[in-house]
Structures are given as C-alpha cells and as structure tokens.
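[1] What follows is a predicted structure for the sequence shown.
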Amino acid sequence: DGGITQSPKYLFRKEGQNVTLSCEQNLNHDAMYWYRQDPGQGLRLIYYSQIVNDFQKGDIAEGYSVSREKKESFPLTVTSAQKNPTAFYLCASSIGATSGSPSYEQYFGPGTRLTVT
Amino acid sequence: GIQVEQSPPDLILQEGANSTLRCNFSDSVNNLQWFHQNPWGQLINLFYIPSGTKQNGRLSATTVATERYSLLYISSSQTTDSGVYFCAVERRTSYDKVIFGPGTSLSVIP
C-alpha cells in the first residue's frame, strides 16, 4: 500500500526543546517537501529536497532543519530558535525533476499537529 | 513572486447545490493542482491540470492558462464535500516550485 506516513499525529513539547517530525514515503519519489499551516491559512514551504543528500530552504526555513540521507525519509527538526512552532506540519512528495518523466504533482501525508507550551 | 488568489474565501451551500470556485494567478505557470483538505487536515489530490478540462465524478476543473485562471466545479454537493479547497501553481523557473493559494472554505449543510 503506497503512500506517505507522518508520525506522530499529535505532538506536545515544552518551549526550548528541539523536536523531530518524521516523514516516510514508499512511492519511490525523488522530491520531498515540508509545509507549515497555521489555523485558517494556506500552506507555506519550509524546506524541500529534489534528491538524496540535497535540500533547499523554502519561504520560512528559519528555526527549522532537515536531512535527506535516504530517498524515502525526510525528517524535519523544529528547533528552539523557531519563535512560533505551534502549527500543523505537512509533508509531501512528488516524482520530481530527475526522472525520465518529471512531475511536480504533490501527494501529502496526514500531517502532524505540534503544540509547544 | 507569483501571486495566487482564490474566490470566494468562504461558501455555504445547501446539499444538492452546485458551485464554482475560482483560482487566479499573476504569471505563467507550468502546471496547476487542486486539493481538498478535509476536516481532519488531510490534503486530497483532486486535479493536476495545466490547461483544458478534466472531470472526475461530480467534480470537474478547467484551466485557461493564457488568461491565468482555473475553475473548480462541484455539482450536486454533499456534506462530505465540506472542507477547504486549495489551488497550487507550479513554476519551474524559480525556487518557488509550488505556491498555494489561500483556499476557499466550503460548508455543505443538509
């Protein structure tokens, strides 16, 4: 059953702690993305990765870090430097540009709701 | 950068009614995607449509790339259609590969 999984669904942390959100895909997609969604708002791009061992900052990368050591995994760390970390975080993937039939059609995971108090 | 607008921002429909949602974008795009975000937050792909018209059941979408807009039609709406509808445009010439609009919040009441 192919798809994108994010865990956990809900996450609670104390202010000042780093926290890592998991994103795994078995779609064999090259590109992966992290978005942040605040209540009543659209999606904003945090980081994206077109290929293993490479990633670029999106619009709101400050206070976040990522790694892409494996094709199927793209974890996001929310650091203590992120001033307003409470939000809904969505991970997505797409075939990307490196295959013979490039496509940026995005498929999303179920999301992780992070609450920091 | 490219701007994406959606209208209306909010819409309330009686079950069975039809509706049209609009997405305008300020520059040329390589592709456009429509999503439905259900009340649990899951984003579901509806259409990936650079131009022309596609249909899937009660939903259809039309993109007129030369005039920089796309329309999503929902016919015979059901309560399960409630949620937020986003359009997202794709540009391969800048790092902003996919840019989301602010969404249309739809409530279908029985």
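    Ah, there it is.

[2] Quick check on residue A:23: phi, psi?
    With angles defined as degrees, to the nearest 10, residue A:23 sits at phi -140, psi 120.

[3] what sits opposite the spatially closest residue to it that is not a sequence neighbour in the beta ladder?
    Excluding the flanking residues, the one nearest residue A:23 by C-beta to C-beta, 6 or more residues apart in numbering or on different chains is residue A:91, at 3.5 Å. Yep, even glycine has a C-beta here, placed from its N, CA and C like the rest. Residue A:91 forms beta bridges with residue A:34, as assigned by DSSP bridges.

[4] Residue B:7 now?
    Here residue B:7, judged by DSSP bridges, has bridge partners residue B:22.

[5] now residue A:56
    With DSSP bridges as the criterion, residue A:56 is bridged to residue A:48.

[6] Chain A contacts on chain B?
    Proximity of chain B to chain A (C-beta under 8 Å from any C-beta of the partner chain) is limited to residues B:30-31, B:33, B:35, B:40-43, B:45, B:48, B:86, B:88, B:90, B:92, B:95-98, B:100-103.

[7] so which residue of chain B comes closest to chain A?
    Taking C-beta to the nearest C-beta, chain A has its nearest neighbour within chain B at residue B:43, 4.0 Å off.

[8] Low-confidence bits of the chain, can you list those?
    By default, I'm working from chain A. Where chain A drops to pLDDT under 70, the residues are A:1-2, A:98-102.

[9] The chain in question should be chain B.
    Applying pLDDT under 70 to chain B picks out residues B:92-97.

[10] Distance of the one residue in chain A that gets nearest to chain B relative to residue B:28?
    Closest approach between chain A and chain B, counting by C-beta to the nearest C-beta: residue A:108, at 4.0 Å. Per C-beta to C-beta, to the nearest Å, residue A:108 is found 25 Å from residue B:28.

[11] Of the residues of chain B next to chain A, just the buried ones, PyMOL syntax please.
    Selection of buried members from the residues of chain B next to chain A for PyMOL, criterion 16 or more other C-beta atoms under 10 Å in any protein chain shown:
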select buried, chain B and resi 31+33+35+41+43+48+86+88+90+97+98+100+101+102+103
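
[12] how about the residues of chain A near chain B?
    Proximity of chain A to chain B, by C-beta under 8 Å from any C-beta, involves residues A:33, A:35, A:37, A:41-45, A:48, A:56, A:58-59, A:88, A:90, A:92, A:97, A:103-108, A:110-111, A:113.
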